[in-house]
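Undergrad: need coordinates for the following:
(2 chains)
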Amino acid sequence: MAVLPVLLYPDRRLKTVCPAVEDFDSIASVVQDLIDTMDAGPPRTVGIAAPQIGAMVRVAIVHSDRNPKYPGGNGFLTLINPVIVEQEGEQVFREGCLSLPDYTANIRRSAKITVSYYDPSGEPQSVMSEGFESVVLQHEIDHLDGLLFLDRVVDVKTDLFRRRQQ
Amino acid sequence: MSQIVMITAIGPRDRPGIVASLTEAVFAVGGNLDDATMTRLHGAFANMLSARLNDDRSLSALKDKLAEVAKRLDLYVTVDLIPDAHEEELPDHQINVYGADRPGIVYEVTKLLSELGVNITDLDTRLAGEPGKGIYVMLLETSGGDWDVVPGRLAEVAAKLGVEVSNREIQSEAL
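TA: Predicted coordinates for the structure are as follows:
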């Protein structure tokens, strides 16, 4: 459908809690826009959430295998109204974000999660994820709640980094 | 009688060997470092450290050695005695503030905390991004204050500044 510009913080839409999808017929174009925008982004982009392209609905796509350093994920996932229903352990990963291009940060998240969600046809699904893919899932689901990784930074001195100038 | 000394060292240009030279001076006079923090502020070197010295003679010798280090490495160094405090207020809350950079973020937030009797025990900030489009990040650790009131007042200041603010209680558990 369209490659859309990725919103950059401080755009207020990135700090907004998105409402749940109720009409599944209405979100086909959002899903396609997310795919087109992710495909047009940096080659190792592995996920994007609808509010990042200004679509204020609980939709995100994740495809962690696009980063060759982290194989073994669940493939391409289209997540509608995702909810983390189980989580255990913890891991720390250095995260960046298309919407906050000047920073990266060490963020502590659950190591293993189970996410319940709906697929684009409205069928309920569930996926268990761990490692890198689970980080991506938690990061994208945060976007649907208006949360950026800066909300989760614990220590500026040891965990927050300015990204090198391109 | 032993005494606690606070050393600050600031230099216009960071380079290898500054920390080693400063701490060598403390070590050479028989001092023992306790708390220290070193960082770069806009590329400049900034260091604060405290150390326990054995006696007045050590203090005098330390000042001499640090004067030599300051001259050699182009640093501004101060050495001051500080009270030997045995009890420190432990932080009980963390506050994250971030948003589009503008003058007054630190001032407005810290002024409010001061008015509410909240003591800042640690503060760090970062600014990144192109000039005029920077994102400012500030993290504070604090102690004291009425936390039934503080979050609401912080939200008011954040709305006025157009920045995000969140807080969480710092809980420590003996595991």
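Undergrad: which elements pack onto the longest strand belonging to chain A?
TA: If you go by DSSP state E, chain A has its longest strand at strand A:77-88. Helices and strands touching strand A:77-88, as assessed by 3 or more CB pairs under 8 Å, 6 or more residues apart in numbering or on different chains; DSSP states H and E, comprise strand A:59-62, strand A:112-118, helix A:132-144. (C-beta placed from N, C-alpha, C; glycine too.)
Undergrad: taking their axis directions, the next helix or strand after it and strand A:112-118 sit at what angle?
TA: Counting by DSSP states H and E, the next helix or strand C-terminal to strand A:77-88 is strand A:91-95. Interaxial angle, strand A:91-95 versus strand A:112-118 (axes from the mean of the first three to the mean of the last three CA atoms, to 10 degrees): 60 degrees.
Undergrad: if we can go back for a sec, please identify the deepest-packed of the helices and strands packed on strand A:77-88.
TA: strand A:59-62 (a mean of 26; mean count of other CB atoms under 10 Å in any protein chain shown).
Undergrad: which outside residues touch it?
TA: A:21, A:27, A:30-31, A:34-35, A:38, A:46-50, A:73, A:76-80, A:82, A:133, A:136-137, A:140-141, A:143-144 (CB atoms under 8 Å, 6 or more residues apart in numbering or on different chains).
Undergrad: so which elements touch the lowest-mean-pLDDT helix or strand in chain A?
TA: Here the helix or strand of chain A ranked lowest by mean pLDDT, DSSP states H and E is helix A:156-159, holding a mean of 84. In this structure, helix A:156-159 packs against strand A:103-109, strand B:119-128, strand B:135-143, with contacts taken as 3+ CB pairs under 8 Å, 6+ apart.
Undergrad: report the buried residues of it.
TA: For helix A:156-159, the neighbour count (16 or more other CB atoms under 10 Å in any protein chain shown) marks A:V156, A:D159 as buried.
Undergrad: show me how far the next helix or strand after that helix is from its chain's centre.
TA: On the C-terminal side of helix A:156-159, the nearest following helix or strand under DSSP H and E is strand A:160-162. The chain centroid and the centroid of strand A:160-162 are separated by 20 Å under CA atoms, centre = their mean, to the nearest Å.
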